[in-house]
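Enquirer: Whatever this is, show me its structure:
(chains A, B, C and D)
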There are 4 protein chains.
Amino acid sequence: MRPFLSHPFDDDKLKEECGVFGVVGLADAANFVALGLHALQHRGQEAGGIVTYDPEDGFNSARRFGYVRDNFTKADVMATLPGSISIGHVRYSTAGSKGATAIRDVQPFFGEFSMGGCAIAHNGNLTNAAALRRELIERGSIFQSSSDSECIIHLMARSIQKTIAERIKDALRRVEGAFSVVAMTRTKLIGVRDPLGVRPLVLGRVGDSGWALSSETCGLDIIGADFVREIEPGEMVIIEGNKVESTRPFTPAPSRFCIFEQVYFSRPDSIIGGRSVYETRRQIGVELAREAPVEADLVCPVPDSGTPAAIGYSQESGIPYAMGIIRNQYMGRTFIEPTESIRNMGVRLKLNVNRALIKGKRVILVDDSVVRGTTSRKIKDMILEAGAAEVHFRIASPPTAWPCFYGVDTPERSKLLAATMSEDEMRDWIGVDSLKFISLDGLYRAAGEAAGRDPKAPRFCDACFSGDYPVAPFDKIEEGFQMKAAE
Amino acid sequence: MRPFLSHPFDDDKLKEECGVFGVVGLADAANFVALGLHALQHRGQEAGGIVTYDPEDGFNSARRFGYVRDNFTKADVMATLPGSISIGHVRYSTAGSKGATAIRDVQPFFGEFSMGGCAIAHNGNLTNAAALRRELIERGSIFQSSSDSECIIHLMARSIQKTIAERIKDALRRVEGAFSVVAMTRTKLIGVRDPLGVRPLVLGRVGDSGWALSSETCGLDIIGADFVREIEPGEMVIIEGNKVESTRPFTPAPSRFCIFEQVYFSRPDSIIGGRSVYETRRQIGVELAREAPVEADLVCPVPDSGTPAAIGYSQESGIPYAMGIIRNQYMGRTFIEPTESIRNMGVRLKLNVNRALIKGKRVILVDDSVVRGTTSRKIKDMILEAGAAEVHFRIASPPTAWPCFYGVDTPERSKLLAATMSEDEMRDWIGVDSLKFISLDGLYRAAGEAAGRDPKAPRFCDACFSGDYPVAPFDKIEEGFQMKAAE
Amino acid sequence: MRPFLSHPFDDDKLKEECGVFGVVGLADAANFVALGLHALQHRGQEAGGIVTYDPEDGFNSARRFGYVRDNFTKADVMATLPGSISIGHVRYSTAGSKGATAIRDVQPFFGEFSMGGCAIAHNGNLTNAAALRRELIERGSIFQSSSDSECIIHLMARSIQKTIAERIKDALRRVEGAFSVVAMTRTKLIGVRDPLGVRPLVLGRVGDSGWALSSETCGLDIIGADFVREIEPGEMVIIEGNKVESTRPFTPAPSRFCIFEQVYFSRPDSIIGGRSVYETRRQIGVELAREAPVEADLVCPVPDSGTPAAIGYSQESGIPYAMGIIRNQYMGRTFIEPTESIRNMGVRLKLNVNRALIKGKRVILVDDSVVRGTTSRKIKDMILEAGAAEVHFRIASPPTAWPCFYGVDTPERSKLLAATMSEDEMRDWIGVDSLKFISLDGLYRAAGEAAGRDPKAPRFCDACFSGDYPVAPFDKIEEGFQMKAAE
Amino acid sequence: MRPFLSHPFDDDKLKEECGVFGVVGLADAANFVALGLHALQHRGQEAGGIVTYDPEDGFNSARRFGYVRDNFTKADVMATLPGSISIGHVRYSTAGSKGATAIRDVQPFFGEFSMGGCAIAHNGNLTNAAALRRELIERGSIFQSSSDSECIIHLMARSIQKTIAERIKDALRRVEGAFSVVAMTRTKLIGVRDPLGVRPLVLGRVGDSGWALSSETCGLDIIGADFVREIEPGEMVIIEGNKVESTRPFTPAPSRFCIFEQVYFSRPDSIIGGRSVYETRRQIGVELAREAPVEADLVCPVPDSGTPAAIGYSQESGIPYAMGIIRNQYMGRTFIEPTESIRNMGVRLKLNVNRALIKGKRVILVDDSVVRGTTSRKIKDMILEAGAAEVHFRIASPPTAWPCFYGVDTPERSKLLAATMSEDEMRDWIGVDSLKFISLDGLYRAAGEAAGRDPKAPRFCDACFSGDYPVAPFDKIEEGFQMKAAE
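Expert: Have a look, this model is predicted:
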């Protein structure tokens, strides 16, 4: 994942796997979807796809590797996507998948049923997809992709319901895990969130005639839509013409929104629960300054994702905020280091220390999270090499000790630094003067829960920190994953 | 220009036209030059070129449109650039030049003389190039490009001196204006700055064997070079093996470094005169808070170029610093708005207001400069639409009222807002509650001149603010440009 | 179709829709398939695909628009296709299909079944595919493409048979029309021809270990394979290791090989029924000279497809053979005529008359077929403009009066010149001194049937000439196509 | 060179190095030049360039690697080339030149002089270019390319003449060797041929207003121009408006047109000396049948360049003509053989023997020339492997024993088979039953000289066969080339 105010060492970060967007009731709908996906690009940079429907031309789709701005801005591509209803998807593609074949894995997926076609885009991860896939193949389904999301379309094809909306319900009642789904038929735009509401999904109004569904509110802003409300956990909305029909197809459950969306995934200008994500992150910095103060000369963010928390830390502590590390804005993914003579300068391609500023200073570095820890070591090296007197790391999330199975790409548990070391061991391994993480309670407070985390009924999914998985990861357990022992 | 901590509305900014870089004494020199140019990309994004020399393969060059990271990272391109001496250039190409032919204008330029080949890369602008060109054509020179810099190579070809270094001196004594030149022969790396030292150029040491010349120190940092010193105004250095020979080929003159490099062009992590550019910019914010205080709730930068001054303003005023505007990091140049229905949303593609934060607040916006003023209006619209109670603009440079002729792309004078309006008129035209620019004296103080600007002997070239041109722009005057009347 | 010794006005020709190729028992099998497809490129130029299986990497595929030589020669593409078993397909894509989506229609198609994966490549056309598709969708199948061939894979998925080979039989017993299929599992290479044997398929031996299946023998030649035999109409071969198992899954029927393969589709160096296609075509020229002699000075082919018949005509008639029309070998598909001033020179881009040769001569032009007739008019114009005294057209096939439904792209019936005009009317419409087609009996004689065509049991499918369809075109009749009234 | 009716083994052929084309007095002139260059593509396939002049836009140019049809058909490229006067050039680029730099060598070359701009395109080779280049550099000229043709533009820049036309004369009087030049100013189209007239150049009329210059008449045909006449050896034409002014700037000399243009370079549908090149080549076959008869069953061309001579041989000998070897029309240059397992099948990618036809037959193979001889061996292998009883090679040119220095790419002398072996030795080395070349006298007879070659005043330049160089190759002699000893 490379989120807004992203982090320069993406390969040492958790990665969101998708963003979804859809509109109905707008001429040249694909243009709006392209804009929405551009605003959601931080949720998936590897590939994107758009589907449209036009009464004359039928369903059309385009799926491409690369950024939205490089593909879905071309006149020749957009000309193939006519119509006033459209959905789209951006995705982070699974590492290791072969370039030559993986375009098949790019959503939206499409199915032709006897009552018409349907396209779906899915953010999240299904925890029983492997089992469902085996069953569907046994019964004669042909899978096009290696994506777990494709199960949904095959379950729909097998449904005996007479409408596509009913078939979606049928299908989603069979799947487990996290799903925020945007779907479309020839006339209807449909949005669904799983009962726990792990992944976000919001509804917007565009002018007098149009509606939009988006993973985050920033997708509404870019097309000038007014934010109406969040789709609720367990809710399905079916939008046609001026009517938004809401139903509750699933057994109700207490909601468990992903807390990492607050920490890192969502864009800072998106609004969750009525508050800007930026403000929550700044508040994390404030909490962190209270929980883990230290004497120092400067508070510097690890750019760009550590910035809001660093501002909060500075404001609470009174220690001046400064841009001690400058990020190269022209950095792409492809800058290779071609020869032996210039190896190991990877870090310099992305970041440069503001030497004249840092020299001789006691520096607090604020970062959003620690995954493998390798990046923290490199940054510490740069800062010390530039002559800092002391280096103190402050982390805007608790130790990441458990993998996520609900739509986030995490290393296997043994690779997570916090799964194998105590805080002190981590400090020594990274090699800094001090290292402190915000507490889980502090994080909950920053996210608006004044009383901190209620262990009996936590408001968020915080499995990556706590090991408390709200849905048992069926496929992974079958593969041998060990859940945390009950305490 | 799209500098570090750049501004999202480039077309309403002054644009630096070049960055130069060179190394000698390093195996696979072109790789180092590619890295250096990557660090200098903010000085020119349209195109880049690299020349190398290898005893076996002779001189080779590659010149491409686009970013360094997209061209000079490819194995097939780099394989054509062998050798241990190399120079390179990044450039901002003049608007309107035809794509099909403009590759000829990409530097370095190369000339084969009877004593061997020479490549040169030039940052700056020659103010008598048109006149020289006419004369050279009359005498039988064939120009390859429309670039003024090409005069230098033809003047060298016409010189009767026996060495390339002497021919460079001959040529540069004929030209007027601003030039920081990096050149190479088969064995020598050469750097020259014009007598006023308008554009920057620095010298670095790489390990035991190598030397580097770079427009800014950030180019040295990326290759792990140690900063040795700035090339002085009027100095020429000739580097061969371990020897750096320094000469002074020009009539001495008081130096006039470009003050806009301090305000906007140079990277914030570069060091000029022993101080980080970031610190100078933060200090501008401090001065601005003193000169133009206002009661408000938040200080927000116009990202990213207004950030350091906004931090300074916040620190001096005690008004909290906040990210009120978020920049889309995936914004490229090519996002077109294909249909009528979504026109006029240009601003939303690049920026989004942090609505939940801004609503009901009195906001101070800190921007680096005002050129045409069109951008300021758009940003004001966004902020007000998001519900801000008051909007106060604070500008980190004096009013830009005169064009630059020394290597910066500026609109013609009549397009500069400050050339036609008073400060109050500008405030009303932009439509904000208040608008204040830092004074020229305040800017000099922030840049380290405690006494402010000495009108008899100003330390910097500040013609864009003052109309005081240190070199008369010969070609432009011939075309009809009116200098400021003597006071 | 753009066959070997092809015709410059492809859009006025019948078009073959596919070529298939497969190998087993050869390291880097995909390389052999690429070569085989290159040799079969004349059977489909728009797109191609290759699937391989490797025990370590599983099934892989690459599908691309464009020529084999431009896609399947690239190291990065071929590196994604490891394994010692592979099949491939080249296709002519249906006009009007949108470029952005049609890659889904490029074969081979792949299905994952509970007993393993299977890829299939199909040459021919299924005449009941629309009906089957409706039924399969009703039962829950999700179609990936608009191709009729995809029915086969879904029928296989629905089969209750335990092996893939048995499922293929199950599936092919349900389909009607023409099919030469090459399929592969993890270990088996499978070839099947429909009971009538409309499309060709041959078996070859490669060294000691390998086997190949190819649409034509020229595909065997290019990889150095020995021609073993033709797969027989109604035969299925299953090749594994050194064993070639042959079965007959279908109700037997008299064979009806496509006679247009002899006239135009197959490569002249391919061998059908023990005789080179070139020789059959030369013999057509001999028969034509006997049936339709005329006094003239020169016999000229319409290049390149008319060449063999022109040679035969010249040899039988004694009138000298000459290259009166020269084809531009650099002609691609993309040469557009950008402005009004040079419109209507399309013909000159492709052909030029050998003026000095033609002037004042009585010329016999030998062409392979007449479809719409528009091309014949243009060529006549060129020849007359160059000063020919007389122009006599001789056509190496009977009048094309009926569309093909077995894998050839033909205009609808009303567009076929011979469907609406008599031979004399065609002569006048084209505007030549004489126009003669070979008789259907003459064509049969040239193809080795000394007695000509037996109307009770014709050896070939000649529906395009006779309207005698060996399989009723079910889908087309449902759409309203009128069969020829029984005589 | 890859001429019309070209030969599949280009790397074993002499290669023409250029084609030139120009028009004046036609709206959108560049479109006509693109068509003309397309017709001349056989004279140079590696790259092409077009220059235009428009009063509003000035001079524009586009230079590209690859085929005309792939570059100069694109709307975006052609839109950069406005104007009603234009010239162009296609070229065969010297093997080994680096891709990254060689675009500089693509013509037309352009020079800006005080009296205006001039573009020139040159077919041929200057034999004193190296010496001229040294002199020009000494005097201060900067060369842009490694091309010898660039000397012309620098000589023009140095001329003291007042008009461009006079400067062209000045410049061309200084050069030696072969040149057919097409040049343009803002209003004039200029054509010049060297005194010997080694390379062709013809004049055509387009409608009422336009004129064209082309290397061959086929370039006139494609734009619908009427052939007016050949530009004569030593003639210069200056075309402006409706006036064609002819002058003779050089000392007169007996003409020596390149005889290899007749044998291989020119297109068969071009007209030279009033006769089609095709007819001359057919006549070569007739002469060859008389000079070197042999009993056989079939006469087969090595496609495509041997075709006209094979037709002539068949007609004279009465032995049937047949297509014994079929060329793969989809063969590009890029088909690589990726793995060891399929090496050495290069020949099969390009050609396939018509096995059923050849088996057991005595075959005469007619080829246009033998250079290194390696191709002849490969073809012989294929024919024998297919079961031919006897193989007799008949070559439509005399033994190629000397390199060309007038614009043709030939291997160095030691690589020419005929420079080191007698005819019998060549026959044995190639391994055929007989090998015969046409005599030089026979070739002259076929080319219209009834009396054969007059050794005192040969009508053609035949240095590649005879070693009789009409212009001493100055630069090459300086490099050590040994001329043939006087007899």
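Enquirer: which of the residues in the helix or strand harbouring residue A:428 are buried?
Expert: Under the criterion of DSSP states H and E, residue A:428 resides in helix A:423-430. Of the residues in helix A:423-430, A:426-427, A:430 count as buried by neighbour count, 16 or more other CB atoms under 10 Å in any protein chain shown. Yep, even glycine has a C-beta here, placed from its N, CA and C like the rest.
Enquirer: Equivalent analysis for stretch A:165-174, please.
Expert: A:165, A:167-172.
Enquirer: Select from those residues every entry located in helices.
Expert: A:165, A:167-172 (DSSP state H).
Enquirer: Could you export these as CSV, including pLDDT and distance to chain C?
Expert: Below are these laid out as CSV (pLDDT from 0 to 100; distance: CB to the nearest CB, whole Å):
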residue, pLDDT, distance to chain C
A:165, 97, 17
A:167, 98, 10
A:168, 98, 14
A:169, 98, 17
A:170, 97, 12
A:171, 98, 12
A:172, 98, 17
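Enquirer: show me the residues around the residue of the stretch 351-487 of chain A found nearest chain B that make contact.
Expert: Residue nearest to chain B within the stretch 351-487 of chain A (CB to the nearest CB): residue A:356, separated by 3.7 Å. Residues near residue A:356 by CB atoms under 8 Å, 6 or more residues apart in numbering or on different chains: B:271, B:274-276, B:278-279.
Enquirer: quick one, phi psi at the closest residue to residue A:12 other than its chain neighbours?
Expert: Closest residue to residue A:12 apart from its sequence neighbours, by CB to CB, 6 or more residues apart in numbering or on different chains: residue A:375 at 4.1 Å. Dihedral angles of residue A:375 (phi, psi; degrees, to the nearest 10) stand at phi -70, psi -40.
Enquirer: From residue A:432, how far out is residue A:375?
Expert: Computed as CB to CB, to the nearest Å, the residue A:375 to residue A:432 distance reads 13 Å.
Enquirer: What ranges does the stretch 251-400 of chain A have for its strands?
Expert: Listed in chain order, the strands of the stretch 251-400 of chain A (DSSP state E, counting those that start in this stretch) span A:257-258, A:271-272, A:275-276, A:298-301, A:325-327, A:351-353, A:362-367, A:390-395.
Enquirer: Residue A:121 contacts residue A:189, doesn't it?
Expert: No: with contact defined as CB atoms under 8 Å, residue A:121 does not reach residue A:189; the gap is 11.2 Å.
Enquirer: joint contacts of those two?
Expert: A:22, A:87, A:182-183.
Enquirer: do stretch A:43-55 and chain C meet?
Expert: No: against chain C, stretch A:43-55 shows no contacts by CB under 8 Å from any CB of the partner chain, the least distance being 10.1 Å.
Enquirer: and that stretch, which residues are buried?
Expert: A:43-54.
Enquirer: Quick one: distance of that stretch to the chain centre.
Expert: Mean C-alpha position of stretch A:43-55 versus that of the full chain (CA atoms, centre = their mean, to the nearest Å) differs by 17 Å.
Enquirer: just stretch A:403-415 next, same as before
Expert: 13 Å.
Enquirer: Write out the residues of chain A neighbouring chain D.
Expert: Counting by CB under 8 Å from any CB, no residue of chain A is near chain D.
Enquirer: what residues does the stretch 1-150 of chain A put near chain B?
Expert: A:4-6, A:26-28, A:31-32, A:35, A:38-39, A:41-42, A:45, A:67-70, A:73, A:75, A:78.
Enquirer: Show me which of those are buried.
Expert: Buried among these (16+ other CB under 10 Å): A:4-6, A:26, A:28, A:31-32, A:35, A:38-39, A:41-42, A:45, A:67-69, A:73, A:78.
Enquirer: which ones among the residues you listed are found in helices?
Expert: When those are checked against helices (DSSP H), the matches are A:31-32, A:35, A:38-39, A:68-69, A:78.
Enquirer: in the stretch 251-400 of chain A, which spans are helices?
Expert: A:259-260, A:277-291, A:307-317, A:346-350, A:355-358, A:374-385 (DSSP state H, counting those that start in this stretch).
Enquirer: for those helices, which one sits closest to residue D:255?
Expert: helix A:346-350 (64.3 Å; CB to CB).
Enquirer: any residue of that closest one up close to chain B?
Expert: Yes: contact between helix A:346-350 and chain B, assessed by CB under 8 Å from any CB, occurs at A:348-349.
Enquirer: Which other helices and strands does that helix contact?
Expert: On a contact count with 3 or more CB pairs under 8 Å, 6 or more residues apart in numbering or on different chains; DSSP states H and E, helix A:346-350 meets helix A:374-385, helix B:29-39, helix B:217-222.
Enquirer: and residue C:146, which of those is closest to it?
Expert: Using CB to CB, these put helix B:29-39 closest to residue C:146, at 46.0 Å.
Enquirer: what about the closest one, average pLDDT?
Expert: Helix B:29-39 comes out with an average pLDDT of 95.
Enquirer: close to chain A, is that helix?
Expert: Yes: using CB under 8 Å from any CB, helix B:29-39 reaches chain A at B:31-32, B:35, B:38-39.
Enquirer: Can I get the helix or strand that that helix is followed by in CSV, CA atoms only?
Expert: Later in the chain than helix B:29-39, the nearest helix or strand by DSSP H and E is strand B:47-54. C-alpha atoms of strand B:47-54 as CSV (Å, rounded to 0.1, in the frame of the first residue of the first chain):
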residue,chain,number,x,y,z
ALA,B,47,14.0,16.2,-20.7
GLY,B,48,17.4,15.0,-19.8
GLY,B,49,20.7,14.0,-21.5
ILE,B,50,23.9,12.3,-20.5
VAL,B,51,27.2,12.2,-22.4
THR,B,52,30.1,9.8,-21.5
TYR,B,53,33.6,9.2,-22.9
ASP,B,54,35.3,5.8,-22.9
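Enquirer: can you give me the angle the helix or strand just after strand B:47-54 makes with helix B:29-39?
Expert: Once the chain leaves strand B:47-54, the next helix or strand it forms, by DSSP H and E, is strand B:58-65. Taking axes from the mean of the first three to the mean of the last three CA atoms, to 10 degrees, one finds strand B:58-65 and helix B:29-39 inclined to each other by 30 degrees.
Enquirer: so how far is strand B:58-65 from its chain's centroid?
Expert: 23 Å.
Enquirer: who's more crowded, residue A:121 and residue A:189?
Expert: Between residue A:121 and residue A:189, counted using other CB atoms under 10 Å in any protein chain shown, the more crowded position is residue A:121 (30 against 26).
Enquirer: that older thread, buried ones among the shared contacts of residue A:121 and residue A:189?
Expert: A:22, A:87, A:182-183.
Enquirer: and which of these is nearest to residue D:391?
Expert: Checking these against residue D:391 by CB to CB gives residue A:87 as the nearest, at 66.8 Å.
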